[in-house]
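[1] Below are the sequence and a predicted model; questions follow.
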Amino acid sequence: EKQVRRAGLDYLDIANIIVHENYQACISSLKGNRLFAVSTKASKYYHDAKYRPGDVFIFGPETRGLPNDILTSTDNYMNVRIPMAKDNRSMNLSNSVAVILYEAWRQNSFNGGD
């Protein structure tokens, strides 16, 4: 709970936080939504995907990324990557989330923004 509050900072009043018992329960609750697994192992770049409202993005831990069973359970066209400079490690999780979500928001004409 403390980590969620810290991560949410000023956004908890507008966030809809749902805690699931496990990963499978989470995925089951998202039926009908498109899932995008974000991974350095994906072949499609994030900016080549066409995002819609309701799309869901799955990110793994910074240290190891998403496990293979998650990557292989999602169709390849739903796996996306952020381009990185050669021989560089991946960017940190918060930056990766910002890049992906801002692109999805941009593609949806910044719906809900000013």
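    Yep, it's here.
[2] and residue 58, what are its bridge partners?
    residue 37 (DSSP bridges).
[3] which residues sit in contact with residue 97?
    By Cβ atoms under 8 Å, 6 or more residues apart in numbering, the contact list for residue 97 reads 57, 59. The C-beta positions use only the backbone N, C-alpha and C, and glycine is treated the same way.
[4] doesn't it fall inside a helix?
    Yes: counting by DSSP: H, G, I helix; E, B strand; the rest coil, residue 97 is part of a helix.
[5] Would you check that residue 35 makes contact with residue 58?
    Yes: Residue 35 is in contact with residue 58 according to Cβ atoms under 8 Å; the separation is 6.3 Å.
[6] Which one of the two is surrounded by more residues?
    Just comparing residue 35 and residue 58: by other Cβ atoms under 10 Å the higher neighbour count belongs to residue 58, 19 against 16.
[7] And the pLDDT for that one?
    We have a pLDDT of 94 for residue 58.
[8] Now do it against residue 21, distance only.
    17 Å (Cβ to Cβ, to the nearest Å).
[9] likewise residue 41?
    From residue 41 to residue 21 the distance is 27 Å (Cβ to Cβ).
[10] which of these two has more neighbours?
    Shown here are residue 41 and residue 21; by other Cβ under 10 Å, residue 41 has more neighbours (11 against 7).
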